[in-house]
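1. predicted coordinates and the sequence they were generated for:
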Amino acid sequence: MSALRVKEVDVDNSMTISVTVNGTRHVRTVEPRMLLSDFLRHELGLTGTHVGCEHGVCGTCTVVFDGQAVRSCLMFAVQADGHEVLTVEGLGTIEELHPLQEAFQDAHGLQCAFCTPGFLMTLVPFLDENPDPSEDEIREAIAGNLCRCTGYQNIIAAVKLAAERMGT
Amino acid sequence: MKPAPFEYHAPTTTEEALALLVEHGYDAKVLAGGQSLIPTMNFRLAQPSVLVDLNHIPELFHIDPDKNGGVLVGAMTRESQVEHDSLIAKQAPLVHETMPHIAHPQIRNRGTFGGCMAHADPAAELPAVSVALRAQFRIRSQGSERWVPADEFFIGFFTTALQPDELLVEVALPSMPPRSGWSFQEVARRHGDYALVGVATLVTLDDRGQCDQARLVYLSVGDGPVEARQAADVLKGQTPTPEAIRAAAETAASADVDPSSDIHATGDYRRHLVKVLASRSLRQAFERAAGKGG
């Protein structure tokens, strides 16, 4: 954990990577230190993935990486080379929302919505694996996502509503 | 904040990774799941000039049966995989019970079993569990290999027996003796937060139903895992009555630990929790050892 830099690094050590995001393959040349969250936002212009704390606490940068929810601020873009990422832009369209997005709207599971992409990308794989979750399971699933507006009650109601609609 | 620049290497074999560690020495840092290293780099508390990423080394990802009912866990095995593995659930139930307490699902999807050990955070759950289980750590360097017992692996605050040219490749979890019971308990302000205090407990009864051995290993009360040996001595040879458990819990709090204060809790409150968690975990572990309760 030393802050001392023992060795100088050649800053021009960029690498060319190929990442499939929301079904589209993107090839870019990036520095190894670029975070996956910044790659999505700055290189690909997919600003639906939000950046809050940038140290893995708030959960707003959560994306689905090879089918699993992960913090995109705690991965380097070069680590996504050859892998698949799903972001909130890949869920639904304005005309046709994903059932989970629709449930968040109907149950008032958001206010300012800064945290919402992270909640959605956490819950999509969760509901795939657990289509009929109990309230306790929902609370545990979203324990790693912070929301400062809703008080969480309506988020839990939205997940229940989505599970009900998606199950039938 | 953003990480400082670094040279990135993604070896595909352990040999290749070890050669990189020899080449770069103290300049290199090993990247496992990155759930502790990357935040530290984002804050620029750590600025390693070389990263050796182990995520492309397939031989480090495995959960296999070991001799005598133990389990071998590859260092890069994701915490979420350990959490849901049926062999772990059956042969290492203390580990199985502990996994959901570690951070959040998103973190466990990336975080690794070995990375958590090598990071040696005094507030982490798995180091304490590995000491309670008497796990063995397989450490490789170029051309050699050594096994280190858990209590010698953790040396102090974020410090392990690992040398800069060494890699933790596997953890061997021994099976529990017959008539053993286990319990993992912790108190955190919110589920998934670092625990104020936690304890990994393992007890074994003899054939007369008396305590043959008891191990209580605490987290968040010192520089690393802290074993309550005097509390264990109080229990040895005793019938695990509520009085015996209370006496052991009091010994753990008064003699075995000396927790310090920080912004999360005072030392006195931590000492109180040491006692409460000793009682809770011993009660549950003895019930399980006697075949009562699940």
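-> That came through, no problem. Numbers count the residues shown, from 1 in each chain, chains lettered A, B, ... in the order given.
2. if I've got this straight, B:S130 is in a strand?
-> No. B:S130 is assigned helix when assessed by DSSP: H, G, I helix; E, B strand; the rest coil, not a strand.
3. show me where chain B has helices.
-> B:14-24, B:37-42, B:79-83, B:86-91, B:93-98, B:105-110, B:113-119, B:125-133, B:150-153, B:229-235, B:242-251, B:267-289 (DSSP state H).
4. tell me the most buried of the ones you listed?
-> helix B:125-133 (a mean of 28; mean count of other Cβ atoms under 10 Å in any protein chain shown). Every C-beta, even on glycine, is put in place using the N, C-alpha and C of the backbone.
5. before we move on, back to that, closest to A:C73 out of the helices of chain B?
-> Evaluated over the helices of chain B, closeness to A:C73 peaks at helix B:37-42, with 7.1 Å, by Cβ to Cβ.
6. got a list of contacts for the closest one?
-> Outside helix B:37-42, the residues within contact range by Cβ atoms under 8 Å, 6 or more residues apart in numbering or on different chains are A:1, A:33, A:35, A:54-56, A:73-76, B:1-4, B:29, B:31, B:46-48, B:119.
7. from the stretch 151-294 of chain B, which residue is nearest to chain A?
-> The stretch 151-294 of chain B approaches chain A most closely through B:G192 (4.6 Å), counting by Cβ to the nearest Cβ.
8. could you check which residue of chain B lies nearest chain A?
-> For chain B, Cβ to the nearest Cβ, closest residue to chain A: B:H104, 2.7 Å.
9. which non-adjacent residue is nearest B:P149?
-> Counting by Cβ to Cβ, 6 or more residues apart in numbering or on different chains, B:P149 lies nearest to B:Q136, which is 5.8 Å off, once chain neighbours are set aside.
10. next: B:W182.
-> B:L94 (4.0 Å).
11. Provide a list of residues in contact with the one you found.
-> B:129, B:132-133, B:176, B:182-184, B:200, B:202.
12. avg pLDDT for stretch B:28-36?
-> Across stretch B:28-36, pLDDT averages out at 97.
13. again, but for stretch B:100-113
-> Stretch B:100-113 carries an average pLDDT of 96.
14. likewise for stretch A:58-68?
-> 98.
15. what's the domain layout of chain A?
-> Per automatic domain parsing, the structural domains of chain A span A:15-90, A:99-167.
16. the last one close to chain B?
-> If I follow you right, that is domain A:99-167. Yes. Contact of domain A:99-167 with chain B (Cβ under 8 Å from any Cβ of the partner chain) involves A:122, A:126, A:139-141, A:143-144.
17. will you turn those residues into TSV that also has secondary structure, neighbour count and pLDDT?
-> Formatted as TSV, the residues of domain A:99-167 next to chain B follow (DSSP: H, G, I helix; E, B strand; the rest coil; neighbours: other Cβ atoms under 10 Å in any protein chain shown; pLDDT from 0 to 100):
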residue	secondary structure	neighbour count	pLDDT
A:T122	helix	25	98
A:F126	helix	21	98
A:R139	helix	15	95
A:E140	helix	17	92
A:A141	helix	24	95
A:A143	coil	19	93
A:G144	coil	23	95
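18. return the distance of stretch B:241-252 from the chain's centre.
-> 25 Å (Cα atoms, centre = their mean, to the nearest Å).
19. what's the answer for stretch B:258-273, then?
-> On Cα atoms, centre = their mean, the centre of stretch B:258-273 falls 21 Å from the chain's centre.
20. go on, stretch A:48-63?
-> 7 Å.
21. list the buried residues for that stretch?
-> A:48-52, A:54-63 (16 or more other Cβ atoms under 10 Å in any protein chain shown).
22. what pLDDT does A:D12 get?
-> So, for A:D12, pLDDT stands at 74.
23. likewise B:G294?
-> pLDDT, read off for B:G294, is 47.
24. ditto for A:R5
-> Looking at A:R5, its pLDDT stands at 56.
25. got it, and A:G167?
-> Taking A:G167 on its own, its pLDDT is 88.
26. so which strand or helix has the closest residue to it other than its chain neighbours?
-> Distances taken as Cβ to Cβ, 6+ apart place A:P131 nearest to A:G167, at 5.6 Å, with adjacent residues excluded. Using DSSP states H and E, A:P131 is not contained in any helix or strand.
27. output the below-cut-off pLDDT ranges for the stretch 151-294 of chain B.
-> Residue ranges of the stretch 151-294 of chain B with pLDDT under 70: B:293-294.
28. follow-up on the earlier one: the residue of the stretch 151-294 of chain B closest to chain A and B:D207, how far apart?
-> Here B:G192 is placed at a distance of 41 Å from B:D207 (Cβ to Cβ, to the nearest Å).
29. for B:P178, same thing?
-> For B:P178, the distance to B:D207 - Cβ to Cβ - is 9 Å.
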